[in-house]
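[1] Kindly return the folded structure for what I paste below:
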Amino acid sequence: MRRIFLDTSDLQALADERNDLHDKALAVSESNGVYLGVTTEMVLTELLNAFSNRGEYLGQVAIDIVEALRADPNIEIIPQTAEQFEKAMKFYRKFGCLAHKRATF
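    The predicted structure is shown next:
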């Protein structure tokens, strides 16, 4: 079975109908057929964070997506390690709130 990595931007586009890439993400998702999805706890945390300030509806959508992925036997979620968390903290210390702006522009 093919393995496909599910990144934050993919999940955001699928979840948010107002996302510019929503229709394309749906089309790609439907064309993939049967596959084993692979993602990480860090990606899921990024998804929850991205929707945390987008209102109650999208916040709940993010929670529902994370819960569905965790319950799906065809999805492998790689745990976040302490080392990964430390690297993320170092990055945030260095760039702070500019990290989000750097990623979006």
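
[2] Do you have the helices of this structure handy? List them.
    8-15, 22-31, 41-51, 56-71, 82-95, 98-104 (DSSP state H).

[3] Can you find the helix or strand of this structure with the lowest average pLDDT?
    In the chain, the helix or strand scored least confidently by mean pLDDT, DSSP states H and E is helix 98-104, which has a mean of 48.

[4] one step back: tabulate the helices of the chain (JSON lines), appending distance to residue 2 and mean neighbour count.
    In this view, the C-beta of every residue, glycine as well, is placed from N, C-alpha and C. Output for the helices of the chain, formatted as JSON lines (distance: least, Cβ to Cβ, whole Å; neighbours: other Cβ atoms under 10 Å):
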{"stretch": "helix 8-15", "distance to residue 2": "15", "mean neighbour count": "19"}
{"stretch": "helix 22-31", "distance to residue 2": "12", "mean neighbour count": "12"}
{"stretch": "helix 41-51", "distance to residue 2": "19", "mean neighbour count": "18"}
{"stretch": "helix 56-71", "distance to residue 2": "17", "mean neighbour count": "14"}
{"stretch": "helix 82-95", "distance to residue 2": "25", "mean neighbour count": "11"}
{"stretch": "helix 98-104", "distance to residue 2": "28", "mean neighbour count": "10"}
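
[5] which one of these lies closest to residue 1?
    Minimum separation from residue 1 across these (Cβ to Cβ) falls at helix 22-31, 15.8 Å.

[6] Could you measure from the residue lying farthest from the centre of the chain over to residue 49?
    The centre of the chain is farthest from one residue, residue 94, which by Cα atoms, centre = their mean lies 22.9 Å away. Applying Cβ to Cβ, to the nearest Å, the value for residue 94 to residue 49 is 18 Å.
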